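S.K.: Sequence first, then the predicted structure:
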Amino acid sequence: MMCLRVMLSGWVLGMLCSCYPQNQAQDELHTPDPRSFPLVADALSPSCGTLDCHGQWGRNLRLFGGRGLRLAPGDNPADGATTQREYDASFRSLVGLEPERLTDVLLYGLDPAELVLVRKARGKDAHKGGVQMLVGDPLDRCLTSWLSGSVHSASCQRVSSMPRPQSVLMSPPVRE
Amino acid sequence: MSATRTFHRSIHRRSASWLAAALLIGTWTGCLDPLRREQIDALGPEEASTPVGALHRAGQPCLLCHSEGGTSTPFTVAGTIYETPSARSPAAGVAVELRDSARRSYVAYSNCAGNFFVSPAEFQPVMPLWVSIRTRELAVVMESPMNKDGDCATCHAPSISSQSAGPVFLSAISDAGSSMMNSQCQGQKR
């Protein structure tokens, strides 16, 4: 009887562990759709991919682009559009941040908000660049929808086509 | 008994001295961020012809020294503007319009070395920061915002490359602008 109870407890424990996504044995890593990534990359570019932030070689998350870090040594940030090779390089960098957890998001329904990428951009984790998106805003919807496997194109396009803030008439300060 | 107490007191005093010395050394070395020190050293020495002040080190990343934890008066935004991309002729009197994400604005002006700088008391922007430069004839709007800090030369190094947009310049059309860095400029503060 005692032995049966132990076995039953073990079975229940085993079932619980196997149901928890992060403990799921992963034979293969999955990534979001690379074909729709350019939409996301273009949305991330103005806020995250500038040369003073993730447009730098030394960063874990490296974003390449026509107005940021260029992949080809002969290119520069002042001329030319983002190339396919640059989109691919940014994609590899992004999906390589937390590959196991990203697989959990795609296959087992883990909330993308658990990813360091999203936590940092939302300002939930320490981030030198501060809060770059709020829950539900277009950049947030664009990124989290793509991470979950179905990109919300309209949100991405809304961000990438967003105009710069309107300039206001400024009165020059008086300086000695 | 008294000798033992004196001995203990002497030990305590010596330990306190050592502790104070260790703290002093710790504090001193703690001030020098080795990475930042390395970057500053890489900039090289001051130019003999330009005194330390508002006109020095044009085109270099100002906030390496001029920021919190740095060695000089902190700035929130600073950089250098040139007439043309060759970065030979500084552009003086250019209005640098700054607009932060809190929708506050500030205008700074470049001096005769092309340098401009903003102190925390003048304007403490909330990043991202959008920048444009203007003269009476020209207006140049920066396409992407500054996200990390207000150091222009982080991205605008003296020459263009895959990691740098090159110097900040007013016009790509002509390189005929005369250099403002003359003897009159040397004595000016701003």
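M.R.: Perfect, I can see it now.

S.K.: Tell me where the chain is predicted with low confidence.
M.R.: Using chain A here. Scanning chain A with the threshold set as pLDDT under 70 gives A:1-4, A:6-26, A:164-176.

S.K.: my bad, the chain I had in mind was chain B
M.R.: Applying pLDDT under 70 to chain B flags the ranges B:1-32, B:173-190.

S.K.: In it, mark out all the helices, start to finish.
M.R.: For chain B, applying DSSP state H gives helices covering B:2-31, B:34-42, B:183-186.

S.K.: can you tell me if stretch B:98-116 touches chain A.
M.R.: Yes. For stretch B:98-116 and chain A, the contact criterion (C-beta under 8 Å from any C-beta of the partner chain) is met by B:R99, B:S101, B:R103, B:S105, B:Y106, B:V107, B:Y109. C-beta coordinates here come from the backbone N, C-alpha and C atoms, glycine included.

S.K.: give me the element the residue nearest in space to the middle of chain A is part of.
M.R.: In chain A, the centroid-proximal residue (C-alpha atoms, centre = their mean) is A:L117; its distance is 4.9 Å. Using DSSP states H and E, A:L117 sits in helix A:116-121.

S.K.: Which elements pack onto that helix?
M.R.: In this structure, helix A:116-121 packs against helix A:138-147, with contacts taken as 3 or more C-beta pairs under 8 Å, 6 or more residues apart in numbering or on different chains; DSSP states H and E.

S.K.: Setting aside sequence neighbours, what's the nearest residue to the residue nearest the centre of chain B?
M.R.: Per C-alpha atoms, centre = their mean, the C-alpha nearest to the average position across chain B is that of B:C62, at 1.7 Å. Once flanking residues are discounted, B:C62 sits nearest to B:A78: 3.7 Å by C-beta to C-beta, 6 or more residues apart in numbering or on different chains.

S.K.: In contact with that neighbour, which residues are there?
M.R.: Neighbouring residues of B:A78 by C-beta atoms under 8 Å, 6 or more residues apart in numbering or on different chains: B:C62, B:L63, B:H66, B:N115, B:F116, B:F117, B:V118, B:G150, B:D151, B:C152.

S.K.: Now for the residue nearest to the centre of chain B: which residues touch it?
M.R.: Per C-beta under 8 Å, 6+ apart, neighbours of B:C62: B:F75, B:A78, B:G79, B:N115, B:F117, B:D151, B:C152, B:A153.

S.K.: which one among these gets closest to A:R62?
M.R.: For these, the closest approach to A:R62 (C-beta to C-beta) belongs to B:D151, at 20.0 Å.

S.K.: Any idea what that closest one is bridged to?
M.R.: Listed by DSSP bridges, the beta-bridge partners for B:D151 are B:A78.

S.K.: give me the number of residues near it?
M.R.: Number of residues near B:D151 (other C-beta atoms under 10 Å in any protein chain shown) recorded here: 22.

S.K.: Assess the claim that it and B:T76 are in contact.
M.R.: No. Applying C-beta atoms under 8 Å, one finds B:D151 not in contact with B:T76, separated by 9.6 Å.

S.K.: Within range of chain A, give me the residues from chain B.
M.R.: Close to chain A, as judged by C-beta under 8 Å from any C-beta, chain B has residues B:95, B:97, B:99, B:101, B:103, B:105-107, B:109, B:122, B:127-128, B:130, B:132, B:141, B:143-149, B:151, B:154-155, B:160-166, B:190.

S.K.: Among the residues you listed, which lie within strands?
M.R.: B:95, B:97, B:99, B:105-107, B:109, B:130, B:132, B:141, B:151, B:160-161, B:164-165 (DSSP state E).

S.K.: Got a quick PyMOL command for the buried subset of those residues?
M.R.: Typed into PyMOL, the line below selects the buried ones among these, using 16 or more other C-beta atoms under 10 Å in any protein chain shown:
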select buried, chain B and resi 95+97+99+105+106+107+130+151+160+164+165
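
S.K.: of all the ones in strands among the residues of chain B next to chain A, which comes closest to A:L134?
M.R.: B:W130 (19.0 Å).

S.K.: If the closest one is in a bridge, with which residues?
M.R.: B:W130 has the following beta-bridge partners by DSSP bridges: B:R99.

S.K.: Make sure it is actually in contact with B:E143.
M.R.: No. Using C-beta under 8 Å, B:W130 is not in contact with B:E143, being 9.7 Å away.

S.K.: okay, and the common contacts of those two?
M.R.: Counting by C-beta under 8 Å, 6+ apart, nothing touches both B:W130 and B:E143.
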